[in-house]
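**Student:** give me the fold of what follows.
(one chain, ligands or ions: 1)
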Amino acid sequence: MIDNKFDDLQIANILSSVKTIALVGASNNWKRPSNFVMKYLQRKGYKIVPVNPKEAGKEINNELCYASLKDIPINIDMVDVFRKSDECLELAKETIKINAKVFWMQIGIFNSDANELILKNNLECIFNRCPKIEHSRIFGDLGSGGFYSKLISSKKNKLKSSGKSSGNFFKSNNLETLSIHAGTAPDPITGARSFPIYQSTAFAFDDSEHAASLFNLQENGNIYGRLSNPTTSALEQKIAALDNAVGSCCVSSGHAAQLVALYPLLNPGKKIVASSKLYGGSITQFTKTFKSFGWETDLVDITNYEEVKHAIKSKNVRALFAESLSNPEGVVSDITQLSEIAHNEGIPLIIDNTMATQAMCQPGNYGADIIIYSTTKFLSGHGNAMGGCVVDTGKFDWANNRGFEKLNEPDTSYHGIKFYETFGNLAYINFCHACALRDLGTTMSPFNAYLTLTGIETLNLRMQKHMSNAEKVANFLIKHNKVDTVSWSGFQNNKSYKLAKKYFKFGFGSVFTFSVKSGYDGAKKVVENCSLFSHLANVGDTKSLIIHPASTTHRQLSSEQREISGAGDSVIRVSIGIEHSDDIIKDLKTTLDNL
Ligand SMILES: *Cc1c(COP(=O)(O)O)cnc(C)c1O
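**Tutor:** I've put the predicted structure just below:
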């Protein structure tokens, strides 16, 4: 793939300073991407001059078309190219002659000679990008589909494309700052500093042209609450920012995230290979319910790389799936290794990062392509909002790997557009919104998005406290005479210790299991007799939680599956909260002493 790492600020400045754009390769077929781009940019107030020798003298979208750049009678600020890469050098020369300031090559187009020539002449050169996508990403109306720009602002109305950009952008790569600011600038109308809950099912169109372009995917924006909502989009941007990703798609639960994440990749008869150490509910979802869709799952020991390699050799496999830190046992995946193994076979690596969160680990930095979350857990953090999220790092090449039909073949529900051709590295996340959410209907409620936005602001602080409390509790448990084993990965003799050290920022996880010497009955008694710990089926709450998986969350698994996934009879799962650690330990000690 062509490397196209441009600074968002550079792109923002280009799009806010140019006024006239020559569109070379403009098509009069409204279904072609060049026509989409033209219409969109016209709506945003740019003067677009179409250039195409075959259409010269005719009008495209109400603008007279010219045969070549030199024929255009007005000043052109930017040349946007929809031609083959090998035609770009000539076009670059003409661009210099007509005194344009920017030479822009569309997605999939690059010519290094043209690039060099343009830069040598002190003009700006952008390639393998689309101005329509960049515009909606950076200046998008509220709720423009959760595509993340790295620019944050605490000023009302600063992200404007008309006129020179104000320079009031702030750039940060620090998670503490991003978790508070990314995606949640002040409300442009009211200035409300806490991001509002847009409790509305539908959104009014400007006119029928606007409505049509929204339905055609020519423009991002809100149509109907099943597909997008401004509050949810703000959360999508925040989560994408925390993963240093291009965009995300929020959904109604973690399970919905798994459904939506796999839907763009699979058809009946296709397969995923997944770790056998997954959240119990995920194993049931994959091996029973997804199986009934014709989506197969092979479960493997994710720490046995030969087994993983062998399993993904089958040509029907479309993804490798693992948890960064497994629930409940705390097994750590070697993300770098797994991503190399997956990429060698032309499939993406999907990491469920629910237990670690971005505060501990950004799987995209180690080669994961798609990251999913149950936001129900640490992201919302207070046990008050169900939710899930699919995050796209934008790095996987959907065109040149194992067949990803839904992203490469004409989509009949959108007048035959091809997602990858039209949206480039936003194809996957666009498909999640435009097709998966539209048809699967697993939408997050705006109120839950709001609660999760609030929760994420304190993610870093909470995770540090969860981790330090967990360390104290694990060290207490391992020394108690009624306790047999403790799965916490912070013990040096734990199989995951080294990987946890490598991948996690400040700790070893606060959800883990311990087993008691007195077996099934003893484990049940501990759970029932605790008084600070809440006995319930959740993790990642501020409150300390406890459960006996064998009789609850993992009940639906066979006893063999239970052993494999670390939920045997005498095993208790805890999620250590952020109360005072003395109190958490006191509750466990009283209960264990009385066994
Ligand atoms: C809870 C959980 C899920 C499922 O999320 P829900 O929000 O409960 O649907 C998936 N993966 C992991 C690791 C989880 O802990």
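**Student:** contacting residues for the residue lying closest to Thr287 once chain neighbours are set aside?
**Tutor:** Of all residues not flanking Thr287 in the chain, Thr297 sits nearest, at 5.4 Å (CB to CB, 6 or more residues apart in numbering). Every residue, glycine included, has its C-beta placed from N, CA and C. Contact partners of Thr297, counting by CB atoms under 8 Å, 6 or more residues apart in numbering, are 271-274, 286-287, 290-291.
**Student:** make JSON lines out of those and add secondary structure, pLDDT and neighbour count.
**Tutor:** JSON lines is the format used below for these (DSSP: H, G, I helix; E, B strand; the rest coil; pLDDT from 0 to 100; neighbours: other CB atoms under 10 Å):
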{"residue": "Lys271", "secondary structure": "strand", "pLDDT": "97", "neighbour count": "20"}
{"residue": "Ile272", "secondary structure": "strand", "pLDDT": "98", "neighbour count": "26"}
{"residue": "Val273", "secondary structure": "strand", "pLDDT": "98", "neighbour count": "28"}
{"residue": "Ala274", "secondary structure": "strand", "pLDDT": "98", "neighbour count": "25"}
{"residue": "Phe286", "secondary structure": "helix", "pLDDT": "98", "neighbour count": "21"}
{"residue": "Thr287", "secondary structure": "helix", "pLDDT": "96", "neighbour count": "17"}
{"residue": "Phe290", "secondary structure": "helix", "pLDDT": "98", "neighbour count": "18"}
{"residue": "Lys291", "secondary structure": "helix", "pLDDT": "98", "neighbour count": "12"}
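**Student:** farthest-separated two in the residues you listed?
**Tutor:** Pairwise distances across the contacts of Thr297 peak at 14.1 Å for Val273 and Lys291 (criterion: CB to CB).
**Student:** before we move on, back to that, retrieve the pLDDT associated with the residue nearest to Thr287.
**Tutor:** For Thr297, the pLDDT comes out at 98.
**Student:** please apply the same query to Arg562.
**Tutor:** So Arg562 comes in at 83 (pLDDT).
**Student:** now do the SS call for it.
**Tutor:** helix (DSSP: H, G, I helix; E, B strand; the rest coil).
**Student:** pLDDT score for the residue lying closest to Ile335 once chain neighbours are set aside?
**Tutor:** Using CB to CB, 6+ apart and skipping residues adjacent in sequence, the residue nearest Ile335 is Tyr366, 4.0 Å away. Reading off the confidence values, Tyr366 has pLDDT 98.
**Student:** okay, now the unreliable bits of the chain?
**Tutor:** Residue ranges of the chain with pLDDT under 70: 1-4, 140-147, 157-168.
**Student:** quick revisit: what's the burial count for the residue nearest to Ile335?
**Tutor:** Close neighbours of Tyr366, defined as other CB atoms under 10 Å, add up to 20.
**Student:** next one: the one 4 residues further on
**Tutor:** If you count neighbours by other CB under 10 Å, Ile370 ends up with 30.
**Student:** roughly how far does it sit from Asn460?
**Tutor:** 23 Å (CB to CB, to the nearest Å).
**Student:** for the ligand, what are the nearby residues on the protein?
**Tutor:** Residues of the chain found near the ligand (CB under 6 Å from any ligand atom) are 253-255, 279, 281-282, 323, 327, 352, 354-355, 374, 376-377, 386, 388, 539.
**Student:** so which of those sit within helices?
**Tutor:** Mapping the residues of the chain next to the ligand onto helices (DSSP state H) picks out 254-255, 281-282.
**Student:** nearest spatial neighbour of whichever residue of the stretch 401-550 of the chain sits closest to the ligand, skipping sequence neighbours?
**Tutor:** The stretch 401-550 of the chain approaches the ligand most closely through Val539 (5.8 Å), counting by CB to the nearest ligand atom. Setting aside the residues directly before and after it, Val539 is nearest to Ser575 in space (CB to CB, 6+ apart), at 3.8 Å.
**Student:** isn't the one you found up against His535?
**Tutor:** No. Applying CB atoms under 8 Å as the test, Ser575 and His535 come out as separate, 11.6 Å apart.
**Student:** all the strands of the stretch 201-350 of the chain, residue numbers only.
**Tutor:** Using DSSP state E, counting those that start in this stretch, the strands of the stretch 201-350 of the chain run over 247-251, 271-275, 296-300, 317-323, 349-352.
**Student:** tell me which of those strands is the most buried.
**Tutor:** Ranked by mean neighbour count, the strands of the stretch 201-350 of the chain are led by strand 247-251 with a mean of 32 (mean count of other CB atoms under 10 Å).
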